[in-house]
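what follows is a predicted structure for the sequence shown.
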Amino acid sequence: MSRNDCPWFRKLNQKKEDRVVKVIRSGKPANLSVHEILVGDVMLLEQGDIIPVDGVFIDGHNVSCDESSATGESDLIKKVPADVVMKALFEEEVNPKKLDPFIISGARVLDGVGTFLVTAVGENSSHGKTMMSLRDDPGMTPLQLKLNILAGYIAKLGSGAGLLLLGVLTIEFLAHLPQNDGTPEEKGQRFLQILITSITIIVVAVPEGLPLAVTLALAYATKRMTKENNLVRHLQSCETMGNATVICSDKTGTLTENVMTVVAGTLGTGKFRFTAVDDQTADTQDGTHEQVAGDDKKIHSEPAAEVTMSKLSSALDPEFRDLVKQSVAMNTTAFETEENGKQLFVGTKTETALLDWARRCFALQQIAIERENCPIEQLFPFNSKRKAMGAVVRLPNNKYRFFVKGAPEILLGQCSHAVTDPTKPSGTASMASEQQEAIRQIITDYARRSLRTIALGYRDFEQWPPENVRKEEGSQNVEFSGIFKNLTWVGVVGIQDPVRAGVPKAVQDCRTASVSVKMVTGDNVETARAIARDCGILTEKGKVMEGIEFRRMDDRERIAIVRDLCVLARSSPEDKKILVKALRSLGEVVAVTGDGTNDAPALKSADVGFSMGITGTEVAKEASDIILMDDNFSSIVKAMAWGRAINDAVKKFLQFQITVNITAVILTFVTAVGSETQEPVLNAVQLLWVNLIMDTFAALALATDPPTESMLRRKPEAKTAALINTPMWKMIIGQSIYQLIVTLILHFVRPAGINNYPEGQRKTLVFNVFVFMQIFKLINSRRIDNKLNIFEGITKNKLFALMMAIMAGGQILIVYVGGAAFKVERLNGPQWGISIVLGFLSVPVGILIRLVPDAVFVALVKPFAWCWSKIPKWKRKKKTEDEDAEHLGGVKDALMEIRDDLAFLKRIKGGRISQISEVIMKPREYRERTRSRSGSRSSSRHNTSPMKAALGMPGIPDQ
């Protein structure tokens, strides 16, 4: 576990994972927590279950699993009992290559019921090992590294000042020692006082409050960010996000609401359309259907029948209506569940949108009832490569029908026929090229209206499996490509996923903050272009590109266009990782969102990875730095604002503390050397009180400032930017000069009226003035730029006012009741007035300092620039591929076990297994031989990183 993982994240994760499952233990059924499952238990499988452990399938009926969380592929894996596999191995009657008895943790049961024997739990399961391999220890944050370097130089300067003071005062003490008539005890006490003063200077100079300020700023920000739907897992991501220059965002659920509804559609060849009553995306409502190819070439222009959703069912021919209803109900992997007495569909948002549409318009019954008369013979789950899914069903007349749905541009190219008129029993006819062009224009029209388009088609067969069609190796299942042709076009529907309400403003805020936003989506180009335009992501000069085109480019071509790229459509998780890599190679600080297991490499390779709290997989969450609990893009902008607030808070504290350091050290040094008794105007106890003010109270006051609107109106800082900018140096030096002039005049010059004060009262006055200058300087330190509004957002930070009151109250108590402990005397009214007025003058002095142009200040201090020009700037080391690999390989032992286990699991592809008998019968020998082979291959490649050792991990592709 990373030490930077937030404790509330761990508690939330444990609570979420704790669920009750059904097991058989000692022959008796029981309901147990997933944390109580042991190896040897027999666990029950039911539709909809998410499997928490690894095991071997014992028995069941029609059990099929979605193992995409482990493999990244959405192929449906049918499970076969282990004894059937063993029989096939020894009798060799059936090819065992396609038989899969393994139950993998993290998979979802999509169909059937059954039981399996638990073989691995927790960190020993495949899912547990994957999660363990993603854990890491990021070490210190970039800001802490910068501060450590600065603190080291300050400590050296402070130590040097303390040692120099000790040397000067010791020489002076020894020089006056012959004339000193005091007792040995008095002489010893005097030298001890010199030693204490020197040590106190070192204590005051050492900036031990810097780590406290960083910790307070990060802790406060992460707590507040949680309330704003940002669950921070790694603390360094907060400050990094403040300097992000590019955000690569998913579309569905992040930029849009992920509430999909069918709002429009065209059935047949384009002569019949339907639309929702409240569909605001339609450009016209006059019922005229005009198709245009290119810019001005008209295909045809004729009246088209158009109805609303409520009249759709009655307007269609009953036979065609049943065809559409079956096409939706049969060809789906979604299932039904009951929640609060209401039947709900559970599955992908696209499938549930189609099922809701069929239920609303065609009186769709329960899926199980619809399938009673038409049993499914073979199911082809959705695949990101073919962009389609299908199902073969047996009709009541003992013929077979292949239902298909998917990307319209893909299906249309495989259609040879089309339904002619959905309102009449007119059957089908061959599809002319003009009709195909008209349908393409309809698809483009829907896409331009920001609608996700899904096409429906079918093909009839006399028998199943059909003759002369290629079958999957070792199985009677037909290959999808063998029957995915000569389809009949049914129609295309447009699914609306509206843009979230606050997204356009959030994108504009990013643009104002000089942060580029890029959309990465799997939708087609036109839909992606329309959504990007609605969100404000697509600029006039912005480019839109498909993933396959982007992937084919070489590095030089990608780097040339990547900054102008606004939308990456039809993209894969691998495209997202390539995009992140290209942007980071240009020096950009990249934040990226992801929700799937395959997004883990991109999330890890980015500077800041955001996973989705609602739709994200566990692997994606573990690979991320921040979890968006509402899956909302607006929350990313809030995280960016808090990141900038953290960086500003630390700089505010730094500006305050260095001023106090300079003033206190110089004042103590000068007054001690100039004193006949070698005593500074501020004694050791008083200096420790000042140290407490500038460390603890100031950190609490300045580190808890919330973000302001002005923070999003400036550019992000470069990675190599100096920790202390010119306005800060100007304020530090200017305030130090003012404070030194006031305190030294009060101590040495003693203006009229003050000269008559007793020595003790005069020193108390200097001490009081010095402290009140720090209190009012705290207000000045709320800005680190040249703007004059130092009170911006002060009402939102109640802790700031509380700390001001505590410091002022503490100082009053010290002066009145401190007495001998602090060596102070009580002050009268005029003396208090002098203290407060001189302290308050820090505010107008700060205004005057900000009015001085930076160029003038630089010209004035340029002759002295050598003092700090030799301090090396800290540069963040650029992440290399090996560092990314080590990032993924946080737990070495876990990676070794993964490599051992996946030495044979990598042979699994969609449930296909080779050499299974050797694996089952002699696992130890097989593992040892596999490890030796892996070791020899690794030794032959001297540059193999820990990441390469785990590349067989499902869901993490090779680079």
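Looks like it arrived, so ask away.

going by C-alpha atoms from here, please, whenever you check contacts or count neighbours.
Noted.

care to break this structure down by domain?
Split into domains by the TED database, the chain comes to 22-134, 212-225+642-868, 230-256+500-631, 261-279+304-496.

mean pLDDT and mean neighbour count for these - can I get that in TSV?
Listed next are those as TSV, based on pLDDT from 0 to 100; neighbours: other Cα atoms under 10 Å:
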stretch	mean pLDDT	mean neighbour count
domain 22-134	82	19
domain 212-225+642-868	89	18
domain 230-256+500-631	89	22
domain 261-279+304-496	84	18
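
those: which one's closest to residue 158?
domain 212-225+642-868 (7.5 Å; Cα to Cα).

re the thing from before, reformat the domains of the chain into CSV and put distance to residue 168 next to each item.
Output for the domains of the chain, formatted as CSV (distance: least, Cα to Cα, whole Å):
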stretch, distance to residue 168
domain 22-134, 57
domain 212-225+642-868, 7
domain 230-256+500-631, 44
domain 261-279+304-496, 78
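
quick one: closest of the ones you listed to residue 160.
Of all these, domain 212-225+642-868 comes closest under Cα to Cα, at 10.8 Å.

tell me the phi and psi of residue 66?
Here is the backbone geometry of residue 66 (degrees, to the nearest 10): phi -100, psi 110.

confidence score at residue 882?
Reported pLDDT at residue 882 in the predicted model: 40.

longest helix anywhere in this protein?
helix 633-673 (DSSP state H).

check which element follows that one along the chain.
Using DSSP states H and E, the helix or strand that follows helix 633-673 in sequence is helix 684-692.

what helices or strands is that next one leaning on?
Applying 3 or more Cα pairs under 8 Å, 6 or more residues apart in numbering; DSSP states H and E, we find helix 684-692 packed against helix 184-205, helix 819-822.

for those, which one sits closest to residue 778?
For the helices and strands packed on helix 684-692, the distance to residue 778 is smallest for helix 184-205, at 17.5 Å, taking Cα to Cα.

now the closest one: mean pLDDT?
86.

could I get it in CSV with only the CA atoms?
This file holds the C-alpha atoms of helix 184-205, laid out as CSV (Å, rounded to 0.1, in the frame of the first residue of the first chain):
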residue,chain,number,x,y,z
PRO,A,184,33.1,33.6,37.7
GLU,A,185,29.5,32.6,37.9
GLU,A,186,28.4,35.9,36.3
LYS,A,187,31.0,35.6,33.6
GLY,A,188,29.8,32.0,32.9
GLN,A,189,26.2,33.1,32.8
ARG,A,190,27.1,35.9,30.3
PHE,A,191,28.9,33.4,28.0
LEU,A,192,26.0,31.0,28.3
GLN,A,193,23.7,33.8,27.2
ILE,A,194,25.9,34.4,24.1
LEU,A,195,25.7,30.7,23.3
ILE,A,196,21.9,30.6,23.8
THR,A,197,21.4,33.7,21.5
SER,A,198,23.5,32.1,18.8
ILE,A,199,21.7,28.8,19.0
THR,A,200,18.3,30.6,19.0
ILE,A,201,19.3,32.4,15.7
ILE,A,202,19.9,29.0,14.2
VAL,A,203,16.6,27.7,15.5
VAL,A,204,14.7,30.7,14.1
ALA,A,205,16.5,30.5,10.7
